[in-house]
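Peer 1: Would you be able to build a 3D model of this:
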Amino acid sequence: MRLRRFAWAVALAACLCVESGPAEAEGAAFSLAEAERAPSSTPKSPAALLEARSALGRARASWLDARWGGSFAGLRRAQAILDAASGRYDSLLHSVPLPRTLSAAQAAPWVPVAMDLAEAGEWARADRLLRGALASDRDLLALRAHVVSRLESPSAGLHVLGWPPDGRAGGAGSGRGTISAPARRTVSERPGSGEEEAERFVAAALSDSAGLWRAGRAARWELLEPIRSAAARAWARISIARSLAVQGHRSLAREFLAREPSSRTTQETLLFADLTASARDTTRAVRALVSAAGKLHVSTADRFALAKRAGGWSLGATADSLAEADWLSLMHSLSDVGEASLALRLLDARKGKPAEERAAAEREALRASLLLKARRYESAAHAYRSLLRHEGATPRERADFALGLARAARGLRDFAATDSAFVLAASLDSSGTTGETAAWERAREWEDRKTAIDAVSAIRWARPRIRTSALAAAARVHEAMAWIRADSLAEAAGSLAGSGPEDAAVWFWRGWIARTAGDSIRARSSFRRAWELDPWSYEGVRARELAGLKVEATQGVPGARVRHRTRPTTPPPRAARMFELVGFGDLAMERLRSCAMGDPEPGADGCIDALEERGVFRVGRGNLDLDLRFRFPPAFAGPVFEAEERESLSAPLIWSIMRRESGYNAAARSRAGALGLLQLMVPTASRLAGRAVPEDSLLDVRLNVRLGAMYLRRLAREFGDFRAVAAAYNAGEEAVRRWVAARPEIDDLWVELIPYRETREYVKQIYAGMRRYESVYESASDP
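Peer 2: Model (predicted):
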């Protein structure tokens, strides 16, 4: 509850302040003592509740000042004050007597209180305000009806709304055989307003609960009007279709959804496919799913849902009824979302042979790639060897097959077969990207499995075959590192000398070698150059640290803003909170997103703050490159600061991992089963908690952050260096134990030689992200 009312608390604080100057000064100086002490009014008087909410608004305003312009220390203090103010308001909200009558001038501050009561489930107390002191507020009609329905019945709520307007309720049997629009309502006083739209949502929901299907559809038809938001129209379309389907009119529901295929949402497409399949037209259903999954704008999660459903239905006779193009599109979609095993089953289910030899070859190449993705390495190796024997394949295609064979052999830990296949791929495509990739992967394989001198030989073999600038620079760096491992700093320096691609990593390792050799002047010069080229890469950050250069949060982005000295905001649309309170959270979020992205700055900023309170970050008009506070938010600050103190961890480390693991999304779920902000697995969480932790519990922000921080502390006790901690968080403790046993000193060389590319990049991103957070917040002075 606390997270959802702060923006409106700020608005209330503004309403209660007569003069802006003193109010601003009071808000800036708002203290923990003020938040905790009792209001000046009698504690059990209605005025005490308003004063507590005003104090909450001032505390929230102070927190926002710190969030956008202060330091971590200031933000911690503001968080403590906010928690105290929120706790006091919560305690009074449930007990203080409510006013029976209010003048029009007195009513405004009590509107958000009524909303808070409804949010807290205090239906009787909310009703006392809504049908008593606030009875004349027409904009609260939707909330009033919702509260009455919870206290009494859906029919009572509909009576409050005056719905249906024609007095004909329309029970379960009405409306049969038609989906034409009902007569338009004529009694609406505010057509198109957010509050009036909320009334239609409530009318639809309560009509369904009361079994008044025609009345529910009438409310939904009004939400299909062009003046409505896209989210409202989409909700109306799918809910009309569901209503028809529930009543047994499945063909009508399907006809309704078929009208505008280009504007269908993913959920509409899934429902349309279900209805179509239930009519024994599975082929058409699968085609609709495949078409939707192939669209560029579809999110990975939606593509997964669409492709998985289509794949499941295509395992039977449908596999042969699909056109080759649709079928291949489905195969690729399944492969893209990590369902290679399902794609292979579907491949085997298709009995019909391709009409052309070329199509047959493409099918075999697809099978080999799916076997590799499914980690069926022996079968993949066999498939790629078979493809290499095809006489009709071009040299480029044969190079791709050889690269696939090398990767399959690597999975089988057959070094000799891996090496010969990499060499073959590089020779077959000596001037293309496949050959370049094969040459580089061969060099890295030698680096991981052979001696340092052997690694130098393999890297030197690869370098002439590498043309991409970034990869060529990486090859120079890795040759230098091989010489460092061979205890030859002179050769290492020579491999980085002379002309060639130069990036921050090349300059960093020049500095590292010079520093190790005792040449501090050359080292500092090289480190400075690395920092200037890419200040917020791992190499740039480490170069600054080793050179002792001053932290500059805007280095590399000279127009960036580190703090907002002034940031005027206006409250978010009240309709957004109304949608939330009456049970339409998705529509509330859509309204806030639209406001944050499209409204003028004061309004957009107010909606950005409201979204952040709901756990949605980096959505709005803010420039991700230039507004560093927007780009690196102190997400879920309360739980993070609690975990920081309890586990003696760095809050920037927790935020950096949260950013990389879930993108600050508390509801994130990976295909591997990792959950929540810090992407915890259920067995790991249960072990940390000392009890069985239900899967859905890990979507709770406080629990997820607390257990994730416990795990980080446990890793820190074993491995010490945060870079090894990050590596273990990504690749697992056993892998890092092996790497530490092979190279006990955890330094920059250790990071660069991590065998897993994903883990190597993960460690660099976590370290650089942690330092970026520190630069943005710890270098700031409190307002």
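Peer 1: Could you use CA atoms for every contact and neighbour count after this?
Peer 2: Fine.
Peer 1: neighbours around residue 523, how many?
Peer 2: 25 (other Cα atoms under 10 Å).
Peer 1: before we move on, what about residue 223?
Peer 2: Residues near residue 223, counting by other Cα under 10 Å: 26.
Peer 1: ok, now how distant is it from residue 476?
Peer 2: Relative to residue 476, residue 223 is positioned 62 Å away (Cα to Cα, to the nearest Å).
Peer 1: what does residue 763 give?
Peer 2: 21 Å.
Peer 1: do the same with residue 419
Peer 2: With Cα to Cα as the criterion, residue 419 and residue 476 are 21 Å apart.
Peer 1: Could you do residue 689 as well?
Peer 2: Distance from residue 689 to residue 476, counting by Cα to Cα: 47 Å.
Peer 1: ok, now residue 416?
Peer 2: To residue 476, residue 416 is 25 Å away according to Cα to Cα.
Peer 1: When the two are compared, which one has more neighbours?
Peer 2: Set side by side, residue 416 and residue 476 show more neighbours around residue 476, with 24 against 11, by other Cα under 10 Å.
Peer 1: Make sure that one is indeed in a helix.
Peer 2: Yes - residue assignment for residue 476, taken from DSSP: H, G, I helix; E, B strand; the rest coil, places it within a helix.
Peer 1: Output stretch 738-753 as CSV, nothing but the C-alphas.
Peer 2: C-alpha atoms of stretch 738-753 as CSV (Å, rounded to 0.1, in the frame of the first residue of the first chain):
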residue,chain,number,x,y,z
ARG,A,738,37.9,-24.3,-10.4
TRP,A,739,39.0,-21.0,-11.8
VAL,A,740,40.4,-19.8,-8.5
ALA,A,741,42.3,-23.1,-8.0
ALA,A,742,43.9,-22.6,-11.5
ARG,A,743,44.7,-18.9,-10.9
PRO,A,744,44.4,-17.9,-7.2
GLU,A,745,45.1,-14.2,-7.7
ILE,A,746,41.8,-12.5,-8.7
ASP,A,747,42.8,-9.5,-10.7
ASP,A,748,42.2,-8.1,-14.2
LEU,A,749,44.0,-11.0,-15.8
TRP,A,750,41.8,-13.4,-14.0
VAL,A,751,38.7,-11.6,-15.3
GLU,A,752,39.9,-11.6,-18.9
LEU,A,753,40.7,-15.3,-18.8
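Peer 1: Show me which parts of that stretch are buried, residue by residue.
Peer 2: 739, 746, 749, 750, 751, 752, 753 (16 or more other Cα atoms under 10 Å).
Peer 1: do stretch 560-567 as well
Peer 2: 560, 561, 562, 563, 564.
Peer 1: Which two among those are spaced furthest apart?
Peer 2: 560 and 564 (11.1 Å; Cα to Cα).
Peer 1: can you list the weak-confidence ranges in the protein?
Peer 2: 1-43, 167-192, 317, 622, 624, 779-783 (pLDDT under 70).
Peer 1: what about the longest helix in it?
Peer 2: Longest among the helix segments of the chain by residue count, using DSSP state H, is helix 46-69.
Peer 1: could you point out which element follows that one?
Peer 2: Elements were assigned by DSSP states H and E; along the chain past helix 46-69, the next helix or strand is helix 72-93.
Peer 1: Just want the angle from that following helix to helix 46-69.
Peer 2: 160 degrees (axes from the mean of the first three to the mean of the last three Cα atoms, to 10 degrees).
Peer 1: Helices along the stretch 301-450 of the chain, start to end?
Peer 2: With helices called from DSSP state H, counting those that start in this stretch, the stretch 301-450 of the chain shows them at 318-321, 324-336, 340-349, 357-373, 377-388, 395-411, 415-428, 433-449.
Peer 1: where's the strand or helix carrying residue 685 relative to the chain centroid, distance-wise?
Peer 2: Taking DSSP H and E as the criterion, residue 685 maps to helix 682-689. Between the centre of helix 682-689 and the centre of its chain there are 23 Å (Cα atoms, centre = their mean, to the nearest Å).
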